[in-house]
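Trainee: Generate a structure from the sequence data that follows.
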Amino acid sequence: GVPGKRQSNVYSIDQCAADATTMYCGSEPGEVYKSTDGGNTWLNSSMNENFGSGVTAVEVDATNPDIVFAGGNAGVFRSTDGGTTWVNVLPQTNFNVNEILVNPANNQIVMSATGKGLYRSVDGGTTWSQLFTQKSYDIKCKTDNPSVLYLVKNNPSLIICEFFISIDACATLIFQTNG
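Mentor: Okay, the predicted model is just below:
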């Protein structure tokens, strides 16, 4: 046979810290794939789901490989059964999810940096509050202290990106003006 000329780009990927053999990735056509053998083989785990775009963010719980979040233009979706079923826990339109973070020290704290702002859940992604309305690009934990988070977001009035730090898992965010 003739080799195929089609491709699918991977937009996002994550690995479970407690089970390094379990990985998820989000693809350009809007699918989530799961591997249970450390990335050697992948199976589609979202064939019937409409993420509204490519899956631009995936995040698996650090302690439970069956809890995974995926984001696209239709919102933030959560699966609690390893990707078999999905629920849109933060439905939106033109959402542009850039990053999802499940806090490794407290999996009830879930953050989503999106084109419509920064969102935070304190109940595992069931309910959400909006912390910022400006486009948010990235949110990460400090590697040795998951209570410390870093955020990069847009400031459209000044036409700059801003850097924020939180020392309490984003209960409060402090704008950093220097080093």
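
Trainee: Run a quick neighbour tally on residue 173.
Mentor: The local packing of residue 173 (other CB atoms under 10 Å) involves 21 other residues. Every C-beta, even on glycine, is put in place using the N, C-alpha and C of the backbone.

Trainee: Just confirm residue 80 contacts residue 66, I think it does.
Mentor: Yes - in terms of CB atoms under 8 Å, residue 80 counts as a neighbour of residue 66; the distance is 6.2 Å.

Trainee: Buried residues, stretch 77-92. List them.
Mentor: 77-80, 82-83, 86, 88-90, 92 (16 or more other CB atoms under 10 Å).

Trainee: which of these lies closest to residue 128?
Mentor: residue 90 (5.1 Å; CB to CB).

Trainee: Hmm, that closest one is touching residue 127, no?
Mentor: No - counting by CB under 8 Å, residue 90 does not reach residue 127; the two are 9.2 Å apart.

Trainee: nearest to residue 31, of the buried residues of stretch 77-92?
Mentor: The closest of the buried residues of stretch 77-92, once distances to residue 31 are taken by CB to CB, is residue 83, at 10.4 Å.

Trainee: so what's that closest one closest to, chain neighbours aside?
Mentor: residue 45 (3.0 Å; CB to CB, 6 or more residues apart in numbering).

Trainee: just residue 56 next, same as before
Mentor: With sequence-adjacent residues excluded and distances taken as CB to CB, 6+ apart, residue 56 is closest to residue 11, at 4.9 Å.

Trainee: Output whichever strand or helix holds the one you found as CSV, restricted to C-alpha atoms.
Mentor: Here residue 11, judged by DSSP states H and E, is contained in strand 10-15. C-alpha atoms of strand 10-15 as CSV (Å, rounded to 0.1, in the frame of the first residue of the first chain):
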residue,chain,number,x,y,z
VAL,A,10,-0.6,17.1,19.1
TYR,A,11,-1.6,20.3,20.8
SER,A,12,-1.3,19.1,24.5
ILE,A,13,0.1,16.2,26.5
ASP,A,14,0.2,15.2,30.1
GLN,A,15,1.4,12.2,32.2
